[in-house]
Structure formats: structure tokens, C-alpha cells
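**Student:** Let's see this in three dimensions:
(2 chains)
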Amino acid sequence: MTIAEIAKILEAEVIVGSDLLNEEIKMGCGSDLMSDVLSFVKSEAILLTGLTNPQVVRTAEMADLAAICFVRGKKPGDETIRLAESKNIPLLTTPLPMFESCGRLWREGLAGCSEHKKSNT
Amino acid sequence: MVSDNRISKVQELIYEIGVGEVMQTDLVTVDPRTPMSQLRAILREKRISGTPVVDGDKLVGIISIEDFIRWLADREEDCPIAEKMSKDVCTIYADEPLTQAVNVFQRFGYGRLAVVDRQDKRLLGIITKGDIVRGLLNKLEIHHVAEEEVYRHRVKHFFEDILADKVVLLFQYNVVGQNFTRAGEGASRLKATLQRLGLHPQIVRRVSIATYEAEMNLIIYTDGGSIRVRVEPNEIFVVVKDLGPGIPDIEKVMQPGYSTAPEWVRELGFGAGMGLCNIKKCATKMELKSTVGKGTQLNIRISVDNEAKSEDS
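**Tutor:** Model (predicted):
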């Protein structure tokens, strides 16, 4: 699923990375706990989160995540945006709450991180 | 001498890039029979200062805002564009280098040149000075992205140039305590460095995550400390040190979910008692030593041969 398709499904606005819309996203995860993200999320996943601080982008950078989508209409501050731009990590924001965002992507066939692992082994 | 390099790069590019690569192809053209009185609206609407005049698919002239102003100033009757356009159109072939276009602009002072196909003389586009500048900037940007590759290449050769039985690299990153806005800068710089060294992406990821978690611990619980990273051919050894307050019960802090983090840290998505577990998961071997009042030392060893311990484990 591409970032453009995800943006459409989630009715999301692209804040950073309008030149990366054709990047392929292999799986998704939803979490507000960055340590959990660092622990179980795989690279090339999109992270759905309610947090907008720069540490979310740092977490994505360290774990090689492919994109971040903020849920419930949250907009990140300048610092978060600048960091994402410098690290080339796409940022999206959707008006949908977390549960519905995850649900829609799941329904459209985006795998979860544990699922992706099973299909790999 | 960065600026000198940039200039010579531009000089190279101006010979390398073809006119066809930077010209505008979504052309606005006008018919020679269009009345002069309609020209203003066309130029204003399309935000251009001149446009080729095309009869069928044949280029017959160029009309610019200067021609329009001259017509206005002369207070002449309305007439077809064909009567006021410049007819000896200066053209350039799409396969000519940018330097050729620059020469023509310099010599004749034109604002724009029509770009035509060398074979069938068909109009392909137009090129302005602005297009040349934009084209060069785009190329330089692409070169900038390619620079990271060049770095990596250089680092590899650098290693080949060192004559020794064993090569060890040592990096240190200093971390300021309680400074949440800069949290992760050390791990970020380390990650970029390891990537330049050409290490396997899964190894880089494991070292980065472990170092990032350790850096967060320094920031949350201490007044700061240092991260020292020793890179050897078959192992990466990260030592994270601080000068206090120290951990009273090491067994307890190793339990998943155990945390003494203040509320503000939790609100930022950290401090859930998972950090050390994460580090252990990424490491081939982890040791934690601490003395209350003196400080803590965390040793993280990640074996480079052991790429199999990837994110799936």
C-alpha cells in the first residue's frame, strides 16, 4: 500500500513528504508508547500515534519506520516538522481517532507488524 | 574550499546538461492572427512575459511584453500579433548544452529562446534564464543526495588505506541531562556514522535503538553522561556512563514495566519501563553496573557477525 493510498483511506493531510507518496508501506502499527514502537515495530512500517513531539520522529528514524500519521486531527509543532524534513520521514495527519484509523487500514489489507513476521517465516 | 568546488561543479553541469532537460514543455503559444489587444490577458493569466507564435505547428515568431508595451506606447490600431512579433526567431536545439543557451542570452540579450527539434524543426519548448538556474539547482540538489553515497565510498577506502593488524574506531557523544528537546541527537549522529561505515542495516538499526534508549535514560534519570562507541570489524561496543544518582536495585529495573519515570516523561511516550528490556533485546550481550551516589555504567555489545539476530527475534 502506498503512502498516497493510506492518505486517501484515512482522509489524511500530508504535512511532510509530498514527494514520497509513492513509497510502499508494508505494515502498520498504532501506539503512543515509543518504547513499544522501538521494541516490536519493524522497519518499513507506518506508525499511527497521538503524540506529536519530536521524539516520535527520532523513534521513527532509529527504527527505520517509513512514515508517521498523527491521529485525531493532531498537528505537530515546527520542531517536529523540521526534524521529519531533515530525516526525510513523511508526516500525515488524519481527523480519525486511533481505533478507526487502524481499523480502516486493516480492512483495506495493511498487515500488522506481528502478522508480517508470520508471513515472512 | 567548498565554494570553489560548487562553482566548478556548476561549470561542469552547464556543459553536461542539455537544453531539452530544463526547458518548459507545457507551452503557451499564440496564433499569429490573435489581435494584439488580447495579448495582455494571455500573458497576465499565464504569468509569462512572452510566448512563441505558432501557425499550425510551425514556429513563426516570438511576441513579448516589450513588443506589447511598444505597441501600446505607439497608440496604434489593434492588429494581428503577426505584425508586431519578432520574426527572426532565435532558436536553439534541444540537444545542445546549456552553455550554448547562456552564450546566446549573453550575446543577444533575449529573454527567452525557442527550443526546436534538430531533425524536424518542430517547436519543443522554450527556455529562459530562470529555467537554466532552476535546472542547475535541481541537479546540484540531486548531487547533494548522492553525496551520502560518496561519503560511504570514501570511508571504505579510508579503511583500506590504514595499514594495521587491527583497526578500532572510537566515537564519543556527550548527553545533557533533562534536555528532552535534544534527546536522540547522539544516537542519530551515531546512526549516520555507522551507515557511512557501510555496516549492515539491521546491525545499524539494533545499535541505534539500543543507544537511543540508553540516551533517553541518561536524559530522564541523570544529569547527563557520555556514550562511547567502539567499532571493531566484528563487534560494536557501546558504553553509556553517568555520574549518578545510581540504581538501588538492578534486578528490579530489569523487569519489564518497572519504572520510576515522572509523569512528564510518560506523557512524551517514554518511561514505561521497557527501555532496558529493549536494549537487552538488541544486544548480543548487556551488562549493567551501578553504585548509588556514584553512577551507572551500561555496556552493550553487538556482534557484527551475528546479523541473524534481526528484528524478528
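
**Student:** Going by C-alpha atoms from here, please, whenever you check contacts or count neighbours.
**Tutor:** OK.

**Student:** Domains in chain B, by residue range?
**Tutor:** B:2-136, B:164-303 (automatic domain parsing).

**Student:** So which residues of the stretch 201-313 of chain B form strands?
**Tutor:** Using DSSP state E, counting those that start in this stretch, the strands assigned to the stretch 201-313 of chain B run over residues B:224-232, B:235-242, B:285-291, B:295-303.

**Student:** Adding mean neighbour count and mean pLDDT, write the ones you listed out as a markdown table.
**Tutor:** Formatted as a markdown table, these follow (neighbours: other C-alpha atoms under 10 Å in any protein chain shown; pLDDT from 0 to 100):
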| stretch | mean neighbour count | mean pLDDT |
| --- | --- | --- |
| strand B:224-232 | 20 | 94 |
| strand B:235-242 | 22 | 95 |
| strand B:285-291 | 15 | 95 |
| strand B:295-303 | 21 | 95 |
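
**Student:** May I see these organised as CSV, with distance to B:Q178 added?
**Tutor:** Output for the strands of the stretch 201-313 of chain B, formatted as CSV (distance: least, C-alpha to C-alpha, whole Å):
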stretch, distance to B:Q178
strand B:224-232, 8
strand B:235-242, 13
strand B:285-291, 20
strand B:295-303, 16
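
**Student:** would JSON lines of those strands with distance to chain A be doable?
**Tutor:** Putting the strands of the stretch 201-313 of chain B into JSON lines (distance: least, C-alpha to the nearest C-alpha, whole Å) gives the following:
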{"stretch": "strand B:224-232", "distance to chain A": "16"}
{"stretch": "strand B:235-242", "distance to chain A": "16"}
{"stretch": "strand B:285-291", "distance to chain A": "16"}
{"stretch": "strand B:295-303", "distance to chain A": "16"}
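
**Student:** Would you mind giving both backbone torsions of B:L123?
**Tutor:** phi -70, psi 120 (degrees, to the nearest 10).

**Student:** follow-up on the earlier one: quick one, which of the domains of chain B is nearest to A:N88?
**Tutor:** Comparing the domains of chain B against A:N88 with C-alpha to C-alpha, the closest turns out to be domain B:164-303 (13.4 Å).

**Student:** okay, how far is it across that closest one, tip to tip?
**Tutor:** 21 Å (C-alpha to C-alpha, to the nearest Å).

**Student:** Equivalent analysis for stretch A:92-111, please.
**Tutor:** Note: stretch A:92-111 ends 19 Å apart using C-alpha to C-alpha.

**Student:** same question, stretch B:253-270
**Tutor:** Note: stretch B:253-270 ends 15 Å apart using C-alpha to C-alpha.

**Student:** Run the chain-centre distance for that stretch.
**Tutor:** 35 Å (C-alpha atoms, centre = their mean, to the nearest Å).

**Student:** Could you confirm whether any residue of it contacts chain A?
**Tutor:** Yes. Using C-alpha under 8 Å from any C-alpha of the partner chain, we find that stretch B:253-270 touches chain A at B:L268, B:G269, B:F270.

**Student:** From the residues you listed, pick the one nearest chain A.
**Tutor:** B:G269 (4.5 Å; C-alpha to the nearest C-alpha).

**Student:** Can you report how many residues neighbour the closest one?
**Tutor:** 22 (other C-alpha atoms under 10 Å in any protein chain shown).

**Student:** My read is that it contacts A:D36, right?
**Tutor:** No. Look at B:G269 against A:D36 with C-alpha atoms under 8 Å: they stay out of range, at 9.1 Å.

**Student:** For A:I46, find the nearest of the domains of chain B.
**Tutor:** So among the domains of chain B, domain B:164-303 is nearest, using C-alpha to C-alpha, at 16.5 Å.

**Student:** so how far is that closest one off the chain centroid?
**Tutor:** The answer for domain B:164-303 is 28 Å, by C-alpha atoms, centre = their mean.

**Student:** same question for stretch B:195-202, mean pLDDT?
**Tutor:** Stretch B:195-202 carries an average pLDDT of 85.

**Student:** can you tell if that stretch touches chain A?
**Tutor:** No. Remark: stretch B:195-202 sits outside contact range of chain A, by C-alpha under 8 Å from any C-alpha, the gap being at least 9.2 Å.

**Student:** measure that stretch end to end?
**Tutor:** 11 Å.

**Student:** Can you give me the buried ones in that stretch?
**Tutor:** Across stretch B:195-202, burial judged by 16 or more other C-alpha atoms under 10 Å in any protein chain shown covers B:Q195, B:R196, B:L197, B:Q202.

**Student:** Narrow those residues to those in helices?
**Tutor:** Counted as lying in helices by DSSP state H, out of the buried residues of stretch B:195-202, are B:Q195, B:R196, B:Q202.

**Student:** tell me which of those is nearest to chain A?
**Tutor:** B:Q202 (9.4 Å).

**Student:** re earlier: nearest to B:K129, of the ones in helices among the buried residues of stretch B:195-202?
**Tutor:** Scanning those for proximity to B:K129, where the rule is C-alpha to C-alpha, the winner is B:R196, at 37.6 Å.

**Student:** So which residues of chain A form helices?
**Tutor:** So, for chain A - with DSSP H - the helices run A:3-9, A:34-40, A:54-62, A:78-87, A:98-107, A:113-120.

**Student:** And B:C79, how far from chain A?
**Tutor:** 46 Å (C-alpha to the nearest C-alpha, to the nearest Å).

**Student:** How about whatever residue of chain A ends up closest to chain B: what's its closest non-neighbour residue?
**Tutor:** Residue of chain A nearest chain B, by C-alpha to the nearest C-alpha: A:L33 (4.5 Å). Excluding its sequence neighbours, the residue lying closest to A:L33 (C-alpha to C-alpha, 6 or more residues apart in numbering or on different chains) is B:G269, at 4.5 Å.
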